[in-house]
Every structure is written in structure tokens, then in C-alpha cells.
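Engineer: predicted structure and sequence below. I'll ask about it afterward.
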Amino acid sequence: MRLPTIFSLLPFTLLAVATAFDVVAVETKFAGMGPEVTTSHKYRSMVTLYIEEEDGSRTPSGWSTRKIDGAQADAPFEFQPGKNLIAGWTEGVLKMREGERALLHVPSAKGYGGSAMGSQNGGGFYIPPNSNLLFDIEILGKVGEQDL
């Protein structure tokens, strides 16, 4: 029998720590070479949202800006940290740089908490109450500037 390595346990460990302490864990998939993300600018991003289970498994929420993940076409999402976003999104992206792609592990308390989002039976996306979230996000660059 093959025992798990520290690397295979990393996503589960990040989720456990993030959930236990209500902090957003950022797991970089590839580093960005641009400036750090700030609250002063509006950014373009490619995003796929998952529901993250306690065991580290993930279920698609039905919301993505990537065609490969179910969107009609690639369509970047524009946002400004701190404006009309859940706290966990802002906390996570402020730890990123332009050009970076990362997984943001967001505990329920910094997501939608006890509120459901979307439509459970109406198609589109749905997030059950008290869900931990996992955003696969790539920061393309500032709105109005060339992407990195």
C-alpha cells in the first residue's frame, strides 16, 4: 500500500487550516510577474468557482468565466478588491500579483456564510449555505491595460 506524501496532503491541509482559523489560504499555481493587486484598481480575471468539501474534494458551482470549465465563451470577470465582493475574495486577491494564477481556499465565514446563492433548481450556479469556496483565479491585469 502506498502512503500519502506531504504534497498529496497539501490541499487538504490548506483547507483545514483556512477553515479552522477563518483565514483565506492562497495556493499559487503559477507566479505572476506583475505588480501586487491593490484596492486602488479594477482588474480582469479568469475564474472558476467550486464548493470545497471538508475532505478537500471539490464540486463545480456552475459559475466560471472559462469556456474549458463550462462557460459559453472565455469572458474575463472585472472586479475591484473591496467593492461588492465577499470578504474572502478580497483577502485572497490582495495576496496575489498580476499574471498570477492561484487557488483561493475561502472558509464559509468569509464567503456567503449561512446564505445560499444562486438557484438550486433553475440552472446556472448554486452555492449551498455554509459552503467553503475554492476560486481558481488568474489575475490578467488592470482594466484598460494590456494583460500580462
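Structural biologist: Nice, thanks for sending it over.
Engineer: assign residue 91 to helix, strand or coil.
Structural biologist: helix (DSSP: H, G, I helix; E, B strand; the rest coil).
Engineer: which ones are touching it?
Structural biologist: Residues counted as contacts of residue 91 (CB atoms under 8 Å, 6 or more residues apart in numbering) are 23-24, 110. C-beta here means a position set from N, CA and C on the backbone, and glycine is covered the same way.
Engineer: out of these, who has the most neighbours?
Structural biologist: residue 24 (24 neighbours; other CB atoms under 10 Å).
Engineer: got the contact list for that residue?
Structural biologist: 18, 88, 91-92, 95, 104-107, 110.
Engineer: switch to 10 Å and redo it
Structural biologist: 18, 86-95, 104-107, 110-111, 133, 135 (CB atoms under 10 Å, 6 or more residues apart in numbering).
Engineer: list phi and psi for it.
Structural biologist: phi -90, psi 120 (degrees, to the nearest 10).
Engineer: mind checking how far it is from residue 105?
Structural biologist: 7 Å (CB to CB, to the nearest Å).
Engineer: what does residue 96 give?
Structural biologist: Taking CB to CB, one finds residue 96 at 13 Å from residue 105.
Engineer: what's residue 108 sitting at in phi/psi?
Structural biologist: phi -50, psi -40.
Engineer: what number of residues lie near it?
Structural biologist: As a burial measure, residue 108 scores 20 neighbours (other CB under 10 Å).
Engineer: is it true that it touches residue 87?
Structural biologist: No: between residue 108 and residue 87 there is no contact, the gap being 11.2 Å when judged by CB atoms under 10 Å.
Engineer: give me the common contacts of those two.
Structural biologist: residue 22.
Engineer: give me the common contacts of residue 24 and residue 105.
Structural biologist: 18, 88, 92, 133, 135.
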